[in-house]
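Visitor: Need the 3D shape of this:
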Amino acid sequence: MYHASPNILNEALEGLDPLSALLLDSSHADLEFSAPTSIAHQWDEIMHQTVAVFKLQIESFPEQKTMREKVALRLKQLEGIEKIPEPLSNQTKSQISLDEFYVYIRKTKLEMLELWKSDQRVATLNSILRATLNLTHSLPALPYPLVYSSVCDLLEAFGDLVYNRVICKAGGKSTGQQKENFVSKEASETSKNWLCKISQIPDLVCKLYVEIALIRVHSFAKIEKPEQTLARIFLCICEVTDPVIYIYMLAYLLKSVNNHMHGKVSSSWYEDVWQTTLLNVSEGLPKLQKIPEYEKMQNSVVAGLELLLFGLNWALGSSFWTLENIQKCVSSSQSGVLVHALVKAMPVGYCSEHALYLTEAISGIKGYPIDKIYIALGNKLAQSGVQKSQRRKVLSLAWRGISYSLDIKKFVQVSEAWIAYVIKYHNTKDLDVIIGEIIGGLKSRLQLTKKPLATSEINVLLSLLTKMLHETENFWTLLSLDNFLSFLEMFPKPYARFTASKECLVKAISQKGDIPLFFLLPVLEICRFTYNSLTSTSPEDDKKQVSNLVCGVIKKISTHWDVDAQLDTYVDLRRDFSELEDVLVLLIERCCQLTSETAERKTSTDKSDSFFTTCTAFIFITIPSIRNPKKRLQLYIKSGDSSIKASCYGTAEASLTEAVERQWCISYLEGKEDLDLDGLEVKVLFH
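Guide: A predicted model of the protein is given here:
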């Protein structure tokens, strides 16, 4: 729930606020505004307010009958503006979903456009005010930045409508072209009329947001200079006591100034905005720590400061990202919030330049979850890297700070943010050490908690593995590390290890060319991880996925190296995956191919005869494991063909005899009268 400063509202009701006074007396055009004072003394009022970004209930505004009666009377005297309706009145003191809020915003925008087309200017303003009131408190279950973004889109659309109307009055087309040097009397009166409407809005937040949306209109009214307009608006923003509303409104002001007044504002004004923001955040936030929703408010403050810093970066560029400004954030009493926002908003080039100082500064921050700052810094450095001479030191300092966290989920999340940086800018030895540190950190934390990994912790661990696989172009680099397979063993059975192993096999199969001989054993070990993760209750779809992945690996086994080693591999695979029929079928087919190709290359010797005997025997004793009768028939035919080529006529006779019997059985079951041996007679006569 939001309460505006009573002094400002009382002045507005009496017509004594700065804008009303200027409209009534143009002699105030040269009025100078003093620098805004600190708002630290106003933070005590927030202690009694229930303000949070992720509020679970929408609170209605307190009734102020005397104020509303005065406001209604005064607005009616202007152009019949009625009492401002409450935002989302049907949802007051109840929860609202994201979809419902989007529907509300869409309806408001359509209503605004329809009212504007029908020349109902006052009703259009009412529609916008109704939506803007949602920025004066937090909606339930929705983050404030989401509400802010949606409402600001409406304000921008409303600002365009008013500005284009003033342009038309000035003699230009409704395309946004400037006609400020020569302003017609009609355009000036239209601008003053809109500014007069704004001055009578009772709610301070709504009043400021709408005035910022129409900031371009001031140049047509010729009431005050741009510097005076900005000084007055900034002074009023400082009267807002809610920290979230204050920061986001200031960010919106910077956005509007950069979009519509760029080049008309001196850099000193931006510097004043930043210095005042630093002072207000440093002095104000500590007084809010007793609020139950303080952590959620911190998240919204960081997001708002990030928007504000983006505006300053756009206006000042490199002159803003100085070591002096960074040091001011670090030395602040609210260094955690400020440094977090600073790192998130800082361009990657400057982040890389100041990486060493930032890493050292983060380790000294107290009273703020530094894992969030490490995540932001790790993501930035993964894009730009660090100077080569500082890489090891930055990584060492960062990892020392990361290791302090006892929470498994936070530890893995920070590791995920930094693993991409390590993969891109460090050698495989450093990567292996970091993976070893992750394994050691997980084991030590599991021993302390004496509990298995929770579902949320398993999910972030899987996300870390996915990041590693995505950032590593050559999967064989990961397999060459000593700690990679040990890392996979950290996933608990059954489903987590199944998912992790599956991701690795997909990456291995996607690599170009055959599997290098040196990495065959690790890949097969991952296949075993995947298969052993299946249980009797595993769905058939999972078993099918494992079967397809193992078959994909078998197809990537080169046929150009030692045939004896290939046969030994096939024997091991048959033993390990005896329950996967598709794998057995592929092993038989590959062994038939191996037998045929070897027979074409080699002459008959005692060693080759022994090899062929082993191959054909492997094929013949494996085929009965196939449950599909048609598949079994086809394999007996292939077995007979390869046995004939290898001159193993005993096995060929047995295979073809089985094939004939299988063909008779299949023909009988399918009701066929004639027997089609598919050329089997030719093979038997040849034998």
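Visitor: can we go C-alpha only for contacts and neighbour counts from here?
Guide: Will do.
Visitor: Name the helix or strand of the protein that has the lowest mean pLDDT.
Guide: Among the helices and strands of the chain, helix 43-46 carries the lowest confidence by mean pLDDT, DSSP states H and E, at a mean of 29.
Visitor: Please point out which parts of the longest helix seen in the chain sit buried.
Guide: If you go by DSSP state H, the chain has its longest helix at helix 144-169. Of the residues in helix 144-169, 144-145, 147-148, 150-152, 154-155, 157-169 count as buried by neighbour count, 16 or more other CA atoms under 10 Å.
Visitor: Who are the packing partners of it?
Guide: Applying 3 or more CA pairs under 8 Å, 6 or more residues apart in numbering; DSSP states H and E, we find helix 144-169 packed against helix 98-117, helix 121-132, helix 185-199, helix 204-213, helix 294-316.
Visitor: now those as CSV including distance to Asp564, mean neighbour count and mean pLDDT?
Guide: Shown next, in CSV, are those (distance: least, CA to CA, whole Å; neighbours: other CA atoms under 10 Å; pLDDT from 0 to 100):
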stretch, distance to Asp564, mean neighbour count, mean pLDDT
helix 98-117, 63, 15, 85
helix 121-132, 76, 20, 88
helix 185-199, 88, 19, 84
helix 204-213, 78, 23, 90
helix 294-316, 62, 21, 81
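Visitor: Reformat those helices as a markdown table; add distance to Ile326.
Guide: As requested, those are exported to a markdown table (distance: least, CA to CA, whole Å):
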| stretch | distance to Ile326 |
| --- | --- |
| helix 98-117 | 37 |
| helix 121-132 | 34 |
| helix 185-199 | 38 |
| helix 204-213 | 29 |
| helix 294-316 | 12 |
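Visitor: Quick check: which of the ones you listed is nearest to Asn459?
Guide: Comparing the helices and strands packed on helix 144-169 by their distance to Asn459 (CA to CA), the top pick is helix 294-316, with 22.5 Å.
Visitor: what residues does the closest one touch?
Guide: 52-54, 143-145, 243-244, 247-248, 250-252, 254-255, 258, 262, 267, 270, 288, 320-321, 337-338, 340-342, 344-346 (CA atoms under 8 Å, 6 or more residues apart in numbering).
Visitor: tell me the mean pLDDT for the helix or strand encompassing Ala398?
Guide: Ala398 belongs to helix 391-402 when elements are defined using DSSP states H and E. Average pLDDT, helix 391-402: 88.
Visitor: For it, could you pull out the residues that count as buried?
Guide: Residues 391-392, 394-395, 398-399, 401-402 are the ones in helix 391-402 that count as buried (16+ other CA under 10 Å).
Visitor: so after that helix, what's the next helix or strand?
Guide: Heading towards the C-terminus - elements assigned by DSSP H and E - helix 391-402 is followed by helix 408-425.
Visitor: who's in contact with the residue nearest to Phe491 when sequence neighbours are not counted?
Guide: Residue nearest to Phe491 in three dimensions, not counting chain neighbours: Arg497, with 4.9 Å by CA to CA, 6 or more residues apart in numbering. If a contact means CA under 8 Å, 6+ apart, then Arg497 has 488-489, 491, 529-530, 533 as its contacts.
Visitor: what is the mean pLDDT for the helix or strand harbouring Arg497?
Guide: Arg497 is part of helix 495-510 when elements are defined by DSSP H and E. Model confidence over helix 495-510 averages 90 on the pLDDT scale.
Visitor: For whatever helix or strand comes next after that helix, buried residues please.
Guide: Using DSSP H and E, the helix or strand that follows helix 495-510 in sequence is helix 517-532. When neighbours are counted by 16+ other CA under 10 Å, the buried residues of helix 517-532 are found to be 520, 523-524, 526-531.
Visitor: tell me the angle the helix or strand following helix 517-532 makes with helix 517-532.
Guide: Along the chain past helix 517-532, the next helix or strand (assigned with DSSP H and E) turns out to be helix 540-555. Taking axes from the mean of the first three to the mean of the last three CA atoms, to 10 degrees, helix 540-555 and helix 517-532 form an angle of 170 degrees between their directions.
Visitor: And for helix 540-555, what's in contact with it?
Guide: Among residues not part of helix 540-555, those counted as contacts by CA under 8 Å, 6+ apart are 502, 505-506, 508-509, 523, 527, 530-531, 534, 580, 582-583, 586-587.
Visitor: Skip the chain neighbours and tell me the closest residue to the residue nearest the centre of the chain.
Guide: In the chain, the C-alpha nearest the mean C-alpha coordinate belongs to Asn379, at 11.3 Å (CA atoms, centre = their mean). In space, not counting the residues next to it along the chain, Asn379 is nearest to Ala417; the distance is 5.5 Å by CA to CA, 6+ apart.
Visitor: Might one say that the one you found is in contact with Lys380?
Guide: No: with contact defined as CA atoms under 8 Å, Ala417 does not reach Lys380; the gap is 9.1 Å.
Visitor: Quick one: buried ones out of the contacts of helix 540-555?
Guide: 502, 505, 508-509, 523, 527, 530-531, 534, 580, 582-583, 586-587.
Visitor: Tell me the gap between stretch 544-553 and the middle of its chain.
Guide: Mean-position distance between stretch 544-553 and its chain equals 31 Å (CA atoms, centre = their mean, to the nearest Å).
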